[in-house]
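Chemist: when you get a sec, could you give me coordinates for this:
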Amino acid sequence: MKKITIIGSGFGGLTAAKTLRKIDKDVEITLIAPKAEFFYWPSLIWVPSNKVNESQLRIPLDNFFSRKNIQFIEGEVTGLYDEGRSVLVGEKIIKNDALIIASGGRFIKKLPGIENSITPCEGLPGLVKVRDQLKQMKGGKIAIGFSGNPNEPSAMRGGPMFEFLFGLDTQLRKEKRRDKFEITFFTPAKQPGARLGEKAVQGILKEMTSRGIHTHLGYKIKNFETNKVITEGGSIDADMILFMPGMTGNEWFDNTDLPRSPGGLLRANKFCQVEDSNNVFVVGDSGSFPGPEWMPKQAHMADLQAEAAAKNAIDSLNGIKPSHTFKVELMCIVDSNNQGIYISRNMAGSTIFPKTRLMHWAKRFFGWWYCRQYR
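Modeler: Numbering: from 1, shown residues only. Model (predicted):
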């Protein structure tokens, strides 16, 4: 019986698993992850305002694994050998005929004093801290920003930071205390959100202006202090700092012979196959793929790549040369806690719809709809 191993239980890993099972009812699927759960990251933006709770974010996967006849192994992957045919999980060795890596990325935490900032997309604890600290603050200064990986233009999480920015502004206005806070957005980029397209950049900057949000753009970040962001263009006083650094590959990638991109991700071709490898595929934040610089690192893109990788893995095991590619497409709703702006981009161009309440509720409904398949 053919054996396919998947590393990761995020968007890419689970989409790969369900695609494999849809194609082949008999293939033996093993999924490795630290926990048998799916975490719905896009809804983290609503934690500071208490619009979501932990049970809405964490989805136990026992039922999904049982329904799809997937063997789950709990643990952290520490390396590969035998050209990817053996996966090390602690002291266990998991054998496979094909491997799909969907273990996500890792934030680059090299800036001095970065521990003085909160990285929102690291998980629930940081945002609970934001929620509780904001509740206690009677006023003050908040700095929100992001940076990228200079060697991997696509390895950044800018979109969520716009949502935290606008979401906190909306929350403070609703609580009738926005006038007591100064909010500053910062990033080394001169055009924040450039991957979303020129119209989106102008729309985002216009939104910041209309909300009275200060900007500090185009200056390299030097370091963080307890209550300050230091850049080459000066400093930003802040009682709370939310910062999303760029991303790179997982530490365990160092314990493999797989080729890496300059930014530390696994180098892949248009079929999601890791270059110079045999039956090793990668999807989502773990991989560096050919395509335009604006190719996003987001759940939708991971899903598209996972479908292609799963189909190519099955084909490879059946002696068929990989031929399935993925569509390069960015789709998102930049939410502000009560309204949302729809933005999409593909090779043909970009589209942006003005903010409406409908888009906010569409984003919330989509999260419920997406998660229900795993409940």
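
Chemist: for the closest residue to Gly140 other than its chain neighbours, give me its contacts.
Modeler: Ranked by Cβ to Cβ, 6 or more residues apart in numbering and with sequence neighbours excluded, the top spatial neighbour of Gly140 is Asp239, at 3.7 Å. For glycine as for every other residue, the C-beta is placed from the backbone atoms N, C-alpha and C. Applying Cβ atoms under 8 Å, 6 or more residues apart in numbering to Asp239 gives the contacts Met137, Gly140, Lys141, Ile142, Asn227.

Chemist: swap in 10 Å and give it another go.
Modeler: The neighbourhood of Asp239, defined by Cβ atoms under 10 Å, 6 or more residues apart in numbering, consists of Gln133, Met137, Gly139, Gly140, Lys141, Ile142, Ala143, Phe181, Glu182, Thr226, Asn227, Lys228.

Chemist: same deal with Ser344?
Modeler: 196-197, 200, 300, 329-333, 350-353.

Chemist: the same query, at a cut-off of 7 Å, please.
Modeler: Counting by Cβ atoms under 7 Å, 6 or more residues apart in numbering, Ser344 makes contact with Leu330, Met331, Ser350, Thr351.

Chemist: show the buried residues in those.
Modeler: Neighbour-count burial (16 or more other Cβ atoms under 10 Å) is assigned, among those, to Leu330, Met331, Ser350.

Chemist: could you list the residues in contact with the strand or helix carrying the second one?
Modeler: Translated: Met331. According to DSSP states H and E, Met331 maps onto strand 329-335. With contacts defined as Cβ under 7 Å, 6+ apart, strand 329-335 is touched by 45, 159, 162-163, 167, 195-196, 294, 296, 298, 300, 304, 340-346, 359-360, 362-363.

Chemist: so for it, mean pLDDT?
Modeler: Strand 329-335 shows a mean pLDDT of 94.

Chemist: beyond that strand, next helix or strand please.
Modeler: Downstream of strand 329-335, the next assigned helix or strand under DSSP H and E is strand 340-346.

Chemist: so how far is that next one off the chain centroid?
Modeler: Centroid displacement of strand 340-346 relative to its chain, using Cα atoms, centre = their mean, to the nearest Å, is 17 Å.

Chemist: how about stretch 270-289?
Modeler: Worked out by Cα atoms, centre = their mean, stretch 270-289 lies 17 Å from the chain centre.

Chemist: so which bits of that stretch are buried?
Modeler: Neighbour-count burial for stretch 270-289 [16+ other Cβ under 10 Å]: 271-274, 277, 279-289.

Chemist: now the terminal residues of that stretch, how far apart.
Modeler: Separation of the first and last residues of stretch 270-289 by Cα to Cα, to the nearest Å is 7 Å.

Chemist: likewise for stretch 229-249?
Modeler: Per Cα to Cα, stretch 229-249 runs 26 Å from first to last residue.

Chemist: list the buried ones in that stretch?
Modeler: 229-231, 236, 238-249.

Chemist: just say helix, strand or coil for Tyr219.
Modeler: Secondary structure, DSSP: H, G, I helix; E, B strand; the rest coil: Tyr219 is coil.

Chemist: just want the most central residue of the chain.
Modeler: Computing the C-alpha centroid of the chain and ranking residues by Cα atoms, centre = their mean puts Gln298 first, at 5.0 Å.
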